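> Below: sequence and its predicted model.
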Amino acid sequence: MTASPETDRAQVADRLLGGSVRRSHDSLVEIDWDAPQDPDLFYMPPEMITLYGTPLWEQMSHAERVELSRQEVANVFSRAVWFENTLNQGLLRAMLHQDPTSSHVHYALTELGDETRHMVMFGKMISAIDAEPYRLSKLEAVAVRALPFWYRGLMLYVAALCGEEVIDDVQRQTLHHRQLQPIVAQTMRIHIAEEARHI
């Protein structure tokens, strides 16, 4: 006799919950936020910086290129905070009418905890590299507030998958770059490990 789809779903949720217990990270403890940063290392690979390969890039000094990478990585992680925020709101709304005793609701709550820690980690990283977070424009703020209302049913998981896959792919390309600041690599390593489970 085969298991019902609901039983299968609960079993997957139980497995994911077990993985969360074994493989969760605490960036507040695991990352040395006060470690000195090497002024010669980039905060993101040069090839991923917006001006890379342009005439302006060719005119820039190494220090200016590193500084641009610092500002751009702060921008990327600022936007990641907002994206995680919209997903969390969508997950909370989705759970309003679900069984709070079910394993898949428990896993959704666990994912919320992970995403909340990621937002803290991204904010700490921006602060540790002494960069200003990129702030939302009025139009962007309206969009961020509206997105969770659009995340209904399958659209919530499509948005999560698309957003996380893009971020994950960029981070995997970035992580092993030989000129990357260790604090950025540590942040990405934790995020990749936990998002792999979410995806």
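The structure has been received and is ready for your questions. Residues are numbered from 1 along each chain as shown.
> Check which residues of the host helix or strand of Ile126 are buried.
Taking DSSP states H and E as the definition, Ile126 sits inside helix 103-128. Neighbour-count burial for helix 103-128, counted by 16 or more other C-beta atoms under 10 Å, picks out 103-108, 110-112, 114-115, 117-119, 121-122, 124-126, 128. C-beta coordinates here come from the backbone N, C-alpha and C atoms, glycine included.
> now do stretch 19-31
Within stretch 19-31, the residues scored as buried using 16+ other C-beta under 10 Å are Ser20, His25, Ser27, Ile31.
> Now flag whichever of these is closest to Trp82.
Taking C-beta to C-beta as the measure, Trp82 lies nearest Ser27 of the buried residues of stretch 19-31, at 18.4 Å.
> nearest spatial neighbour of the closest one, skipping sequence neighbours?
Once flanking residues are discounted, Ser27 sits nearest to Met121: 3.9 Å by C-beta to C-beta, 6 or more residues apart in numbering.
> Pull the contacting residues for that neighbour.
Counting by C-beta atoms under 8 Å, 6 or more residues apart in numbering, Met121 makes contact with Ser27, Leu28, Ile31, Thr187, Ile190, His191.
> In the chain, where is pLDDT below threshold?
The chain contains residues with pLDDT under 70 at 1-3, 21-22, 195-199.
> tell me the centre residue of it?
For the chain, Ala80 is the residue whose C-alpha lies nearest the centre (C-alpha atoms, centre = their mean; 5.4 Å).
> Just confirm it contacts Asp168, I think it does.
No - between Ala80 and Asp168 there is no contact under C-beta atoms under 8 Å: 11.1 Å.
> about what we covered before: now compare the buried residues of stretch 19-31 and name the two farthest from each other.
By the measure C-beta to C-beta, Ser20 and Ile31 form the most distant pair in the buried residues of stretch 19-31, at 19.4 Å.
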